[in-house]
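Asker: Pasting the sequence and the predicted model now:
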Amino acid sequence: MSVSNQGVRRQHRLKPGADAPASPPSSPRHVAPPAPHVPVAAPTGESKASKVDTIDIGRLPATGLLLARPLLLLICALLGAGIGYVLTGNGGYSAQAVVEFTPPGTDSLLVKQTGQTLARNAVASDVLQAAESGNLGASDDLSGRVTAEWQMDTKLVTITVTAPSAEVAIADANAIAQTMVQISETSISSRLEQARDQSNEVLNSEQLDSPDAESARKAQLGSSLGSRQDAIASQSGELTVADSASDAAVAGLSKPIGAAIGLVAGLLLGGLLSLLLGVRGLRARSARELAHLVPDAALSSSAHAAQLAGQIIESGRSTVAVIATRGVSDQGVALARDVSDYLRAHGRTIAEVGPIKKGDKTSAINLLRRDARSDVAGRVGADMIVAVVDEGSEASALLEGQSDLCALIVVRRRHTPIASALRVMKSYSHAEPVLVLAR
C-alpha cells in the first residue's frame with residue numbers, strides 16, 4: 001500500500017497546477033507505478049549480468065596476467081639464459097674406450113658377474129697406477145676422472161675419462177683400456193708359466209727305470225699340462241679393446257644447451273612471479289591488455305561516445321552513471337558531455353548532473369536515489385539523467401549493486417590502476433558496466 005501512495009503523490013507532484021477532484025472517485029483512477037525491480041543474483045549462466053559478475057581480482061585469466069608483464073618475462077628469461085651459459089660448459093671433455101671380454105661360460109649370471117668385475121677393476125687403484133706409470137701416454141692424475149660401466153646383456157665394458165682437453169681425455173681412455181688388456185694377458189701368461197713350471201718340476205723329480213713306463217709317464221704329464229693350460233685360458237677369458245677412443249665430447253651440458261635451459265627456467269620463474277603479483281602495480285595501458293585481463297567485460301574508449309549512446313538508447317534505461325575513477329574526473333565529464341550530445345541527436349532531452357564529489361551527500365540523495373530516478377521527467381524535466389560521480393563518493397555508493405542504470409567506468413591510460421578499475425566494475429556488475437579507456 002505504501003508503494004501505491006507514493007505513486008499517487010508522485011503524480012500530483014508531476015502536475016502541480018492541476019485542480020483537485022470534486023469528490024473522491026468511486027474507483028482509483030491512478031495506477032501506481034510498478035515497484036522498482038530489485039536485482040536478485042541469478043544462477044551462473046542465466047543472464048548477461050552473471051557473466052560480467054565473474055570480474056574478480058582472484059580469478060583473472062593466467063594468460064592475461066602473463067601478457068600484462070612482458071618486461072618482467074624478458075628480464076627473467078635473459079637472466080636465466082645468462083646464468084645457464086655461465087654455469088655450464090665448464091666440465092671439460094670426456095672420451096670413451098670399450099673393451100670386450102670372453103666369459104668363462106654362457107650363463108647370463110656369469111656374464112653379468114664378469115662384466116661387473118671388470119668395470120670395478122677398471123677404476124681400481126692398481127690399474128690406474130699401472131696406466132699412469134706405463135708408457136701409454138696417460139696423465140698422472142686419473143683418480144676421480146675415470147668411470148667404467150658394464151653394458152647390460154653384452155660382453156662390453158665402457159671406460160669413460162674426463163679431462164680438461166679433448167686430447168688428454170682420449171689418451172687417458174685408451175691408456176686405461178690397453179692397461180687392462182695388458183694386465184689380463186700378463187695374468188694369464190703368469191698362470192700358464194706357473195702350471196708349466198709345476199709340471200716340469202714333477203717331470204724332473206723322478207725317473208722310472210723302464211723306458212716304456214717313463215715314456216708313458218711323460219705322456220701323461222704332458223696331457224695333464226695341456227688340459228690344465230686349456231682350463232686356465234678358458235677360465236681367464238680373453239680381453240680385447242673393441243673400440244678405442246678417437247674423439248671427445250663436451251662433458252656435461254654445453255653452453256648453448258645450458259643457455260636454453262636457463263632461458264626456459266627464467267620464463268617459468270617470470271610467469272610464476274606474474275601470477276603471484278596479479279594486478280599489483282599494473283595500470284590500464286591499452287584496450288588489448290584489458291581485453292586479456294577481463295575477457296568477459298565490455299570495453300570501449302572515449303572516442304566511441306556515439307556507439308555508447310546507441311547502446312544506452314537500446315537498453316531503455318533512463319539513468320547513465322559515468323563513474324570517474326581516481327584522478328579521472330575531467331575525462332569523466334568530457335565523456336558525459338559527448339554521450340549527452342549524441343543522445344540529444346537521437347531526440348532525447350538530457351539532464352547533465354555532476355560531477356558529484358565526495359561529501360556531496362545531498363545531491364546524491366536528491367538526484368540519484370531510486371524513487372527519484374524512476375520519475376526522471378517529473379523530477380528534472382528530461383528524458384534521461386547523465387550523472388558524473390566520483391569513485392568512492394556517496395553518489396557512487398548509492399548506485400552500486402543496482403541494475404536499472406547504464407554504468408560507464410572511466411579509466412585513464414597509464415594512470416588508473418587496473419585493480420581499482422576491477423573493483424569498481426565489480427561494484428557495478430549488475431548494471432553490465434562498460435569499461436571506457438580515456439586518454
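Answerer: Structure received.
Asker: how about stretch 253-268: buried residues?
Answerer: Of the residues in stretch 253-268, 253, 258-263, 265-267 count as buried by neighbour count, 16 or more other CB atoms under 10 Å. Where C-beta positions appear, they are placed from N, C-alpha and C, glycine not excepted.
Asker: Stretch 147-156 too?
Answerer: Buried, per 16+ other CB under 10 Å, within stretch 147-156: 148, 150, 155-156.
Asker: Neighbours of R69, how many?
Answerer: Number of residues near R69 (other CB atoms under 10 Å) recorded here: 19.
Asker: for S187, that is, sorry about that
Answerer: Around S187 there are 13 other residues, counting by other CB under 10 Å.
Asker: Give the helix, strand or coil label for it.
Answerer: The three-state assignment at S187 reads helix, by DSSP: H, G, I helix; E, B strand; the rest coil.
Asker: Does V353 touch V388 like I think?
Answerer: Yes - contact status for V353 versus V388: in contact at 7.1 Å, counting by CB atoms under 8 Å.
Asker: which of the two has more neighbours?
Answerer: V388 (27 against 23).
Asker: okay, the residue nearest the centre of the chain: pLDDT?
Answerer: Nearest to the mean C-alpha position of the chain, by CA atoms, centre = their mean, lies L268 at 4.7 Å. You'll see L268 listed with a pLDDT of 91.
Asker: Helix, strand or coil: sort out it for me.
Answerer: helix.
Asker: For C76, see how far away it is.
Answerer: From L268 across to C76, the span is 8 Å (CB to CB, to the nearest Å).
Asker: now I170
Answerer: Counting by CB to CB, the gap from I170 to C76 is 40 Å.
Asker: now swap in A351 and tell me
Answerer: Distance of A351 to C76, computed by CB to CB: 53 Å.
Asker: Equivalent analysis for V99, please.
Answerer: From V99 to C76 the distance is 48 Å (CB to CB).
Asker: Which secondary structure elements does the helix or strand harbouring L109 sit against?
Answerer: Using DSSP states H and E, L109 sits within helix 108-122. Counting contacts by 3 or more CB pairs under 8 Å, 6 or more residues apart in numbering; DSSP states H and E, helix 108-122 packs against strand 93-101, strand 146-150, strand 156-163, helix 166-205.
Asker: More neighbours: which of A351 and C76?
Answerer: Remark: of A351 and C76, C76 carries more neighbours, 22 against 17, as counted by other CB under 10 Å.
Asker: show me the contacts for the more buried one.
Answerer: Taking CB atoms under 8 Å, 6 or more residues apart in numbering as the contact definition, C76 lies against 266-267, 269-270, 273.
Asker: Just give the closest residue to it, not the sequence neighbours.
Answerer: Excluding the flanking residues, the one nearest C76 by CB to CB, 6 or more residues apart in numbering is G270, at 3.2 Å.
Asker: any idea how far the one you found lies from C406?
Answerer: Distance from G270 to C406, by CB to CB: 40 Å.
Asker: what do you get for A303?
Answerer: To C406, A303 is 18 Å away according to CB to CB.
Asker: in the stretch 251-400 of the chain, which spans are strands?
Answerer: Taking DSSP state E, counting those that start in this stretch as the criterion, the stretch 251-400 of the chain contains strands spanning 298-301, 319-324, 350-356, 384-390.
Asker: Nice, that's everything, thank you.
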